[in-house]
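Colleague: Here is a sequence together with a model predicted from it:
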Amino acid sequence: DANKKSQYALQTLTTWLLDLEREGTIDNELATVISSIATACKQIGSLVNRAGISNLTGLAGETNVQGEDQKKLDVISNEVFSNCLRQCGRTGIIASEEEDQPVAVEETFSGEYVVVFDPLDGSSNIDAGISVGSIFGVYEPSPECRIEDMDDPEAMMQKCVLNVCQAGNELLCAGYTLYSSSTILVLTVGKGVYGFTLDPLIGEFVLSHPDIKIPEKGKIYSFNEGNYQSWSKEQQAYIDSLKDSSQWGGKPYSSRYIGSLVGDFHRTLLYGGIYGYPGDAKNPNGKLRLLYECAPMSMICEQAGGAGSTGFQRVLDIVPTKVHERQPLFVGSKWEVEYLESVLQNKP
Ligand code: AHM
Ligand code: MG
């Protein structure tokens with residue numbers, strides 16, 4: 001019976017996107033953009049897996065045996081991501097951590113979605129074989145930045161910046177891919193959070209984490225505590241409190257920190273607790289970038305029932321004033337993020 005569900009039936013990213021299209025949650029053009037991002041992530045994942053081996057033929061920045069300049073993996077990943085988005089023909093403007101300015105895409109013929117991304121976050125971990133990831137967000141199409149209207153490049157650039165600098169609450173889609181023991185793509189289009197694991201044998205992302213919900217409260221905090229001395233006294237008090245076992249029934253919070261946002265965030269999403277990158281005396285806005293780090297992660301976290309905050313404001317409400325703007329980020333279980341806000345704002 002052809003209509004009977006077979007034991008070999010798989011929900012892949014492709015069939016999942018088709019279902020969303022059928023029910024009218026996304027249109028065909030957005031599905032195409034998301035598929036092209038997934039293709040980029042497969043390609044980047046394979047480069048990351050082989051990083052140690054390709055290095056044997058020449059270190060990054062040096063020439064390899066073919067006499068070609070070897071580029072660093074983050075630069076290559078940016079090319080891979082940009083190429084996939086250009087080729088899909090549905091992207092109008094892209095903004096990447098690796099580019100100073102947003103770029104209008106020449107090949108677009110419809111769709112014109114605005115895509116922001118960090119192609120390879122945490123790349124300082126690569127040489128030690130530690131997890132890294134890609135982060136992305138997709139905004140409403142904008143017809144304002146057509147390359148054929150480019151008689152005035154400077155005005156065009158300003159228009160592109162304006163189109164990219166949107167609040168996170170305008171995101172249509174946000175996601176990340178973790179390159180680790182397996183390659184996992186986690187995605188939201190505003191109707192919950194879904195995780196897909198790459199099956200390397202069939203080359204497909206297979207639905208492995210349907211409708212992810214973050215625990216209401218967790219037992220883990222994830223901060224770079226090396227910066228403790230330059231934190232505000234409220235920030236210090238918060239971490240001191242998590243370590244004070246007497247407040248938590250005799251067992252303190254556990255500390256886990258990879259130094260790779262996608263890995264630290266993914267663990268926080270699945271196990272609960274809080275990930276934080278606070279501002280400090282030297283960098284009042286911390287380190288992470290609003291557009292392609294803080295906002296997509298906050299949307300995913302909220303969609304999973306958690307929260308994303310700067311400590312004083314919901315991350316998704318902030319309209320960036322520049323493309324590479326930084327903001328403090330605290331994401332995770334509702335309980336820990338709200339507790340942090342109360343401590344930072346002196347509202348016990
Ligand atoms: P990058 O975009 O230059 O890779 O930096 C971002 C990374 C994040 O993955 C991570 O959360 C953070 O930097 C770690 O910073 P630190 O080493 O200061 O703890
Ligand atoms: Mg980054």
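Modeller: Looks like it arrived, so ask away. Ligands and ions are numbered 1, 2, ... in the order given.
Colleague: And the strands in the stretch 151-300 of the chain?
Modeller: Assigned by DSSP state E, counting those that start in this stretch, the strands in the stretch 151-300 of the chain fall at 171-179, 183-188, 193-199, 204-209, 220-222, 254-255, 274-277.
Colleague: check contacts around the residue lying closest to G137 once chain neighbours are set aside.
Modeller: Residue nearest to G137 in three dimensions, not counting chain neighbours: P296, with 4.3 Å by Cβ to Cβ, 6 or more residues apart in numbering. C-betas here are computed from N, CA, C, even on glycine. Each residue near P296 by Cβ atoms under 8 Å, 6 or more residues apart in numbering is listed here: V116, I135, F136, G137, G168, L171, A174, G175, Y176.
Colleague: can you do 6 Å?
Modeller: I135, G137, A174 (Cβ atoms under 6 Å, 6 or more residues apart in numbering).
Colleague: again, but for I212
Modeller: By Cβ under 6 Å, 6+ apart, the contact set of I212 is V193, G195, A304.
Colleague: In the chain, which helix is the longest?
Modeller: Criterion DSSP state H: the longest helix present in the chain is helix 28-49.
Colleague: Not counting the helix or strand that comes right after it itself, show me its contacts.
Modeller: Downstream of helix 28-49, the next assigned helix or strand under DSSP states H and E is helix 51-54. Residues outside helix 51-54 that contact it (Cβ under 6 Å, 6+ apart): L73, I126.
Colleague: and helix 51-54, which residues are buried?
Modeller: The neighbour-count check on helix 51-54 (16 or more other Cβ atoms under 10 Å) flags A51 as buried.
Colleague: ok now it, how far from the chain's centre?
Modeller: Relative to the chain's own centre, helix 51-54 is displaced by 24 Å; criterion: Cα atoms, centre = their mean, to the nearest Å.
Colleague: Around ligand 1, which positions in the stretch 151-300 of the chain sit nearby?
Modeller: N224, G259, S260, L261, D264, K287 (Cβ under 6 Å from any ligand atom).
Colleague: Give the PyMOL command for selecting the buried subset of the residues you listed.
Modeller: Of those, the buried ones go into a single PyMOL selection, burial set by 16+ other Cβ under 10 Å:
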select buried, resi 260+261+264+287
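Colleague: Just put the strands of the stretch 151-300 of the chain in TSV and tack on mean pLDDT and mean neighbour count.
Modeller: Converted to TSV, the strands of the stretch 151-300 of the chain look like this (pLDDT from 0 to 100; neighbours: other Cβ atoms under 10 Å):
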stretch	mean pLDDT	mean neighbour count
strand 171-179	98	25
strand 183-188	98	23
strand 193-199	98	21
strand 204-209	97	17
strand 220-222	98	24
strand 254-255	98	14
strand 274-277	98	26
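Colleague: where's the residue of the stretch 51-200 of the chain found nearest ligand 1 relative to ligand 2, distance?
Modeller: Per Cβ to the nearest ligand atom, the residue of the stretch 51-200 of the chain with the smallest distance to ligand 1 is G122, at 3.7 Å. G122 sits 7 Å away from ligand 2, going by Cβ to the ion, to the nearest Å.
Colleague: which non-adjacent residue is nearest that residue?
Modeller: Distances taken as Cβ to Cβ, 6+ apart put S260 closest to G122, at 3.2 Å, once the chain neighbours are dropped.
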